[in-house]
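S.K.: Sharing a sequence plus its predicted fold:
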Amino acid sequence: MLKSKYSARSLLACLLLSLPLSALADNAAVDLQAPKMSKEQAEKFLDDKGLSVAPDNLPSLLMNAHVEEVVAMLEMGIDPNGKILNMPQTSIEFAAMACQDKSVETRRVVQVMDALLSHGANPNQPGMQGLGPMLTAAQQCPGMVVERLVKGGGDINSRSYQGFTPLSMALAVKNYDAAETLVRLGARLKPETGKKFLEGTEVEARMKSIVGKAIGK
């Protein structure tokens with residue numbers, strides 16, 4: 001048996017390089033979409049898992065980014081905008097909480113968001129402390145998650161009761177990945193707001209760069 005002088009990794013790299021960029025982009029987009037499931041498939045899936053179709057089962061599934069289970073619940077008629085356990089959080093806010101667990105793949109969080117939005121979840125529905133999904137995601141999640149919310153209708157100019165926008169919230173907690181994504185998608189800061197983030201003697205270079213772009217410099 002002849003042995004190849006090329007490693008499997010090298011061959012895979014060559015294969016990827018041979019693909020057109022459009023194909024790679026399409027594959028990446030598909031990977032971020034929630035899987036499709038018919039009602040019959042959803043019913044069988046949940047039955048096999050021993051899960052009953054109940055809103056109270058949704059929070060733990062959302063916070064752990066269990067994509068297939070969330071899709072099945074939604075296909076069986078769970079309202080993505082309904083109140084859960086009489087708690088103030090929206091379904092999207094519960095999903096954003098998965099970002100706090102670094103062991104949860106960001107891809108799966110995006111897929112959960114995709115499932116919720118595809119089933120009619122409101123990305124601007126006020127939740128706990130009036131923050132709403134956009135502000136919660138800007139505070140806790142990577143840019144990929146925030147971008148999916150914006151593409152689903154999330155308002156980049158929404159405000160908390162304290163006056164925070166998603167961008168100012170992301171900057172306040174130094175979630176630079178989310179902040180850069182928001183600026184790329186059109187979020188801006190008023191010059192006087194931007195200056196507040198540049199006060200002090202040890203302002204990080206990345207903060208300066210984001211604020212500069214956000215105020216148009």
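M.R.: The structure has been received and is ready for your questions.
S.K.: how about the residue at minimal distance from the centre of the chain, what does it touch?
M.R.: Geometric centre of the chain, nearest residue: Val145, 1.9 Å, by Cα atoms, centre = their mean. For Val145, the contacting residues are Ala96, Cys99, Thr106, Val109, Val110, Met113, Ala137, Ala178, by Cβ atoms under 8 Å, 6 or more residues apart in numbering. For the C-beta atoms, the positions are set from N, CA and C on the backbone; glycine is no exception.
S.K.: Quick check on the residue lying closest to Pro191 once chain neighbours are set aside: phi, psi?
M.R.: Leaving aside its sequence neighbours, Pro191 sits nearest to Ile215 (Cβ to Cβ, 6 or more residues apart in numbering; 5.0 Å). Backbone torsions for Ile215, taken as degrees, to the nearest 10, come to phi -100, psi 10.
S.K.: tally of neighbours for Ile215?
M.R.: 18 (other Cβ atoms under 10 Å).
S.K.: give me phi/psi at Asp177?
M.R.: Main-chain torsions, Asp177, degrees, to the nearest 10: phi -60, psi -50.
S.K.: so what's Gln100 closest to, chain neighbours aside?
M.R.: Gln140 (5.9 Å).
S.K.: For this structure, just list every one of the helices.
M.R.: Taking DSSP state H as the test, the helices found in the chain are 8-18, 21-31, 39-49, 58-63, 67-75, 91-96, 106-118, 132-140, 143-151, 166-172, 176-184, 191-197, 205-214.
S.K.: hey, C-alpha coordinates of the fifth one in CSV?
M.R.: To tie it back to what came earlier, the one meant is helix 67-75. Taking C-alpha atoms only, helix 67-75 is exported to CSV below (Å, rounded to 0.1, in the frame of the first residue of the first chain):
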residue,chain,number,x,y,z
VAL,A,67,-30.7,23.7,19.0
GLU,A,68,-32.7,20.6,18.0
GLU,A,69,-34.8,20.6,21.1
VAL,A,70,-35.6,24.3,20.7
VAL,A,71,-36.6,23.8,17.0
ALA,A,72,-38.8,20.9,18.0
MET,A,73,-40.6,22.9,20.7
LEU,A,74,-41.2,25.8,18.3
GLU,A,75,-42.5,23.4,15.6
